[in-house]
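Chemist: Need a 3D model of the following:
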Amino acid sequence: MISFKDFDSFNSYIGLSEPLNPLIDVGRYGPDVLLDSEAIEIDFYRISFKTNYINSSSPEYDPENPRPITAVFFNSPGNLYEWKLEDKFEGFYIQLSKELINSHRYLFQNYLEYGEHEALHLTRQEESEILSLFELILGKYQKQQESQNVLLAYINLFLGLVESYYQRQFATEAQKYNHIISEFQQLLRDYYKGEFQGIPTVKYFADQLKLSPNYLGDIIKNFTHRSAIDTIHDHIILEAKKLLEKSNLNSSEIAFDLGFDYPNYFAKFFKKQTKQTPKEYRSSIKTKTV
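Modeler: Below is the predicted model:
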C-alpha cells in the first residue's frame, strides 16, 4: 500500500497538476490521469466532480450496460482506495488539508468522510451550478491574488451547495434508502440475540451495511428525524428496562450483559437517558405492580 501525506506526491502519482498551495489544491482532471491503481491511502480530503466516468468496481456498475455517470465523490484520511477505470473521464477536484479543516471547522461537513461509493448524483441544473462555481474557484486559485479567506468563502459556498444537493437526493430517492433504514433497524433488534462485543456503535452497523458511519448517520437522521446514535441508545435502554423488569440480575450483571465494561458507566448512562437510576426504575416498576 502507498500512503500520500501531501498533495504534491499524490498529484505526481495520479497525473495531476502540481499544487500551488499546501493547504488547498484545485484543478482539472487531464488526459494523463492514472486509470489503474493498487490500494492507496491519503492524509487529506478530496472532493471530485467526474463526468463520463465509468468505474467497474462501483456497486452501481452494470457490465451489461456500462453507462458513464456524472457525480461528486469523496476521499478522506484513513481509508484505502484502489481503482480500475474503463476509460478516461473529465472533471475537477478540490483537495483540502487536515490542517485547513481543523483551523476552519465551518468547512467540515459530514459528507467529506462519505465513502467513494456513496456519491452524489447531480441533476442537470445542479451540474451546471457546480461547474459555474468551480470556474470561479479555479480562477481565484490560479491567480493567487486574492486572500485565502476569499478562496475559502467560495469553497464554503461549494460545500453548502453539495449539502443541499444531498438533501435533495435523500428526498427524491427515498426508495433507494428505505432498505438501509430497514436493515439498520433489523440489525439493531438482532444485536443482543447473538454474540457481540461491547455496546453497539454507529460504526458497527455501518460496517455491517458496508457504508461509512457518516453516510449511515445522515440517512437515519434524514428519514427518522433522530440521530443514529440516539436510536442506538434508545434500544440499549429498552433492553436494559426488559432486564430490570423481568430478571433478577443486579445492575452490574445487567451492565455486563449489555456490553458495558464498567457498571458505573451503565448507571450514569441509564440515568441520563431515563432520569432514574437502574435501582430507582426497578423500584418504580415493582410499585406499579403492587
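
Chemist: only C-alpha atoms for contact and neighbour calcs from this point on.
Modeler: Fine.

Chemist: what sits against the closest residue to Asn110 other than its chain neighbours?
Modeler: Of all residues not flanking Asn110 in the chain, Asn214 sits nearest, at 5.8 Å (CA to CA, 6 or more residues apart in numbering). Residues near Asn214 by CA atoms under 8 Å, 6 or more residues apart in numbering: Asn110, Tyr111, Glu113, Tyr114.

Chemist: Also Phe196?
Modeler: Phe196 neighbours (CA under 8 Å, 6+ apart): Gly259.

Chemist: before we move on, what SS does it have?
Modeler: coil (DSSP: H, G, I helix; E, B strand; the rest coil).

Chemist: Could you measure from it over to Gln125?
Modeler: Here Phe196 is placed at a distance of 47 Å from Gln125 (CA to CA, to the nearest Å).

Chemist: same question, Ile220
Modeler: Applying CA to CA to Ile220 and Gln125 gives a distance of 27 Å.

Chemist: which of those two has more neighbours?
Modeler: Between Ile220 and Gln125, counted using other CA atoms under 10 Å, Ile220 has the larger neighbour count: 22 against 9.

Chemist: which phi and psi does that one have?
Modeler: Backbone torsions for Ile220, taken as degrees, to the nearest 10, come to phi -60, psi -50.

Chemist: Quick check, it in contact with Ile181.
Modeler: Yes. Using CA atoms under 8 Å, Ile220 is in contact with Ile181, at 6.5 Å.

Chemist: which stretches of the chain form strands?
Modeler: For the chain, the strands defined by DSSP state E occupy 2-4, 24-28, 36-42, 44-53, 69-75, 80-84, 90-97, 120-121.

Chemist: Pro19 contacts Asp6, correct?
Modeler: No. Look at Pro19 against Asp6 with CA under 8 Å: they stay out of range, at 9.7 Å.

Chemist: Neighbour-wise, which one of the contacts of Asn214 leads?
Modeler: Busiest of the contacts of Asn214 [other CA under 10 Å] is Tyr111, holding 23 neighbours.

Chemist: so who does that residue touch?
Modeler: Here Tyr111 is in contact with Phe74, Glu163, Asn214, Tyr215 (CA under 8 Å, 6+ apart).

Chemist: And the first one, what's its pLDDT?
Modeler: You'll see Phe74 listed with a pLDDT of 95.

Chemist: Any idea how many residues pack against it?
Modeler: Phe74: 22 neighbours (other CA under 10 Å).

Chemist: Chain neighbours aside, what residue packs nearest to Val26?
Modeler: Ile94 (4.6 Å).

Chemist: Count the neighbours of Arg168 for me.
Modeler: Neighbours of Arg168 using other CA under 10 Å come to 14.

Chemist: And it, how far from Gly259?
Modeler: 38 Å.

Chemist: Then Ser17?
Modeler: Distance from Ser17 to Gly259, by CA to CA: 50 Å.

Chemist: now swap in Glu253 and tell me
Modeler: 10 Å.

Chemist: Then Leu131?
Modeler: 49 Å.

Chemist: Any regions of the chain where pLDDT drops low?
Modeler: 55-61, 145-146, 288-290 (pLDDT under 70).

Chemist: biggest helix in it by residues?
Modeler: helix 148-172 (DSSP state H).

Chemist: So what touches it?
Modeler: 106-107, 109, 111, 120-122, 126, 130, 133-134, 136-137, 140-141, 177, 219, 222.

Chemist: Over to stretch 32-48?
Modeler: 1-6, 10, 13-16, 72-88, 91-98, 112.

Chemist: Flag every buried residue along stretch 142-159.
Modeler: Neighbour counts over stretch 142-159 (16 or more other CA atoms under 10 Å) mark Leu151, Leu152, Tyr154, Ile155, Asn156, Phe158, Leu159 as buried.

Chemist: In a markdown table: the residues you listed, plus distance to Asp25.
Modeler: Formatted as a markdown table, the buried residues of stretch 142-159 follow (distance: CA to CA, whole Å):
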| residue | distance to Asp25 |
| --- | --- |
| Leu151 | 11 |
| Leu152 | 12 |
| Tyr154 | 13 |
| Ile155 | 11 |
| Asn156 | 14 |
| Phe158 | 14 |
| Leu159 | 15 |
